[in-house]
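K.L.:
Everything below, folded, please.
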Amino acid sequence: MMNFKYQSTEVKIYSVCLRFPTSLASSEANAGNPSLIQDVLNYHLVTVKMFKLVSLLLILPVIYAHVRVDVTSKDGQDVTASGSSVRTVTEADMKTFGLTEEVLRKSVWSYFGALPDNVFYKSPTLWGDLYKTLNWEPVKMTMSPINTSVLSVAMEPTLVMTKHFFSNKTEDLDIKTDISQTFVHTVSASWDKEGELGVDKIRHGFDFDTAMDQGYFSFLSKWGEDFESTWPMTLHTEVQVTLKPDQHLIAEVHATKRTAIMRVDFETSLSGTVAINFDKEYKGHRFWSLDINTLLLSDGLKRSMYSSEMLELLHFTEASVVFKDALTQEIVSRTPVHFH
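P.N.:
Predicted coordinates for the structure are as follows:
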């Protein structure tokens, strides 16, 4: 059995020893009852397996990520962000926060008035790994969106394509024609950040759900990394028009080009405990733990880091096919067209 003391609490760590009861394993009364012996064997076998499973689960790092940035074009432009990314910090993360081992030791000295011999922020540590044996929480880093805003939306009517139709007949001519055009939608992002952090990827989703168009596009991008992504949407329709004798009609495909600029602000903070060792006991105890934020606050160190993602979305909507007379410019027909 191992004893650890943390302040006024004594923690006892027992070694595991699996042993058959003497009355079952060696008693002559049970020598002829193999099923009872087998039950005991099975019980301990299951116990060992469960012990190994629990041990394995305890050593797995706690890392999960789920951050979404969603942009919708329903009833105007909107941007929302949700979720958070949580992971055990790395040495590089701590350095970005300015938290080297020497800085942590000095912070403990500022708080306790005594300089520790060792500080740790995650497993493994010396002395059997203090985080596991004393059930302390390692330092984790959490990144969450804290604000979203639409900075601007610009609408620009755009002539996309033209097609000409002629009639040299002496009577009306009904024609059918296919009109098809591919539009390329673009989203780009640039970041403003205080430093590099090992944050997991962010899922971006773009939902176009208007009276005219429906479409959805999503992708993953790395936090803090500028990018540009494109995806096509096709306009395709069959139109019918009647040309009068010797008439020249022009078919025009019009669409509204919408450019939206949005901003998403993120906060990255730390949580968990710093494990501390004094080779010579401090106030009667050798091992201590301090909440990382208590430590940072006491020494005036940075507790959070902030970053912003600027998104620029360019997409087309409200498409239509317009037929007009080439000579008079009179509009003959206007047909709304959907993207696919």
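K.L.:
all helices of the stretch 201-340 of the chain, in order?
P.N.:
292-298 (DSSP state H, counting those that start in this stretch).
K.L.:
which residues of it score low on pLDDT?
P.N.:
Scanning the stretch 201-340 of the chain with the threshold set as pLDDT under 70 gives 209-214.
K.L.:
if we go to 80?
P.N.:
Applying pLDDT under 80 to the stretch 201-340 of the chain flags residues 208-215, 339-340.
K.L.:
could I get stretch 237-254 in CSV with only the CA atoms?
P.N.:
Presented in CSV, the C-alpha positions along stretch 237-254 are these (Å, rounded to 0.1, in the frame of the first residue of the first chain):
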residue,chain,number,x,y,z
THR,A,237,-33.7,24.9,-67.8
GLU,A,238,-35.7,24.3,-71.0
VAL,A,239,-37.4,27.4,-72.3
GLN,A,240,-40.0,27.9,-75.1
VAL,A,241,-40.5,31.1,-77.0
THR,A,242,-42.4,32.2,-80.1
LEU,A,243,-40.5,34.3,-82.7
LYS,A,244,-42.5,36.5,-85.1
PRO,A,245,-41.5,36.6,-88.8
ASP,A,246,-38.0,38.1,-89.3
GLN,A,247,-37.6,38.6,-85.5
HIS,A,248,-34.3,38.6,-83.7
LEU,A,249,-34.5,37.7,-80.0
ILE,A,250,-31.8,37.7,-77.4
ALA,A,251,-31.9,35.3,-74.4
GLU,A,252,-30.1,36.6,-71.4
VAL,A,253,-29.3,34.8,-68.2
HIS,A,254,-29.3,37.2,-65.2
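K.L.:
Centre of the chain to it, how far?
P.N.:
The chain centre lies 49 Å from the centre of stretch 237-254; the measure is C-alpha atoms, centre = their mean, to the nearest Å.
K.L.:
How about stretch 300-316?
P.N.:
Distance, centroid of stretch 300-316 to centroid of chain: 13 Å (C-alpha atoms, centre = their mean).
K.L.:
Going by neighbour count, which residues of that stretch are buried?
P.N.:
Residues of stretch 300-316 classed as buried: 301, 305, 307, 309, 311-313, 315-316 (neighbour count, 16 or more other C-beta atoms under 10 Å). Quick note: C-beta positions are derived from backbone N, CA and C, even for glycine.
K.L.:
Return the member of the residues you listed nearest to residue 140.
P.N.:
Using C-beta to C-beta, residue 305 comes nearest to residue 140 of the buried residues of stretch 300-316, at 14.2 Å.
K.L.:
in the sheet, who's paired with that closest one?
P.N.:
Beta-bridge partners for residue 305, by DSSP bridges, are residue 268.
K.L.:
Does it touch residue 196 like I think?
P.N.:
No: between residue 305 and residue 196 there is no contact under C-beta atoms under 8 Å: 10.3 Å.
K.L.:
Which residues are in contact with each of those two?
P.N.:
residue 96 (C-beta atoms under 8 Å, 6 or more residues apart in numbering).
K.L.:
Could you list the domains of the chain?
P.N.:
2-59, 64-337 (automatic domain parsing).
K.L.:
Out of those, which is the most enclosed?
P.N.:
Highest mean neighbour count of the domains of the chain: domain 64-337, a mean of 16 (counted as mean count of other C-beta atoms under 10 Å).
K.L.:
Show me the residue at the heart of the protein, geometrically.
P.N.:
With distances taken as C-alpha atoms, centre = their mean, the residue of the chain nearest its centroid is residue 67 (2.9 Å).
K.L.:
beta partners of that residue?
P.N.:
In beta-bridge terms (that is, DSSP bridges), residue 67 pairs with residue 83.
K.L.:
pLDDT at it, what is it?
P.N.:
With respect to pLDDT, residue 67 scores 93.
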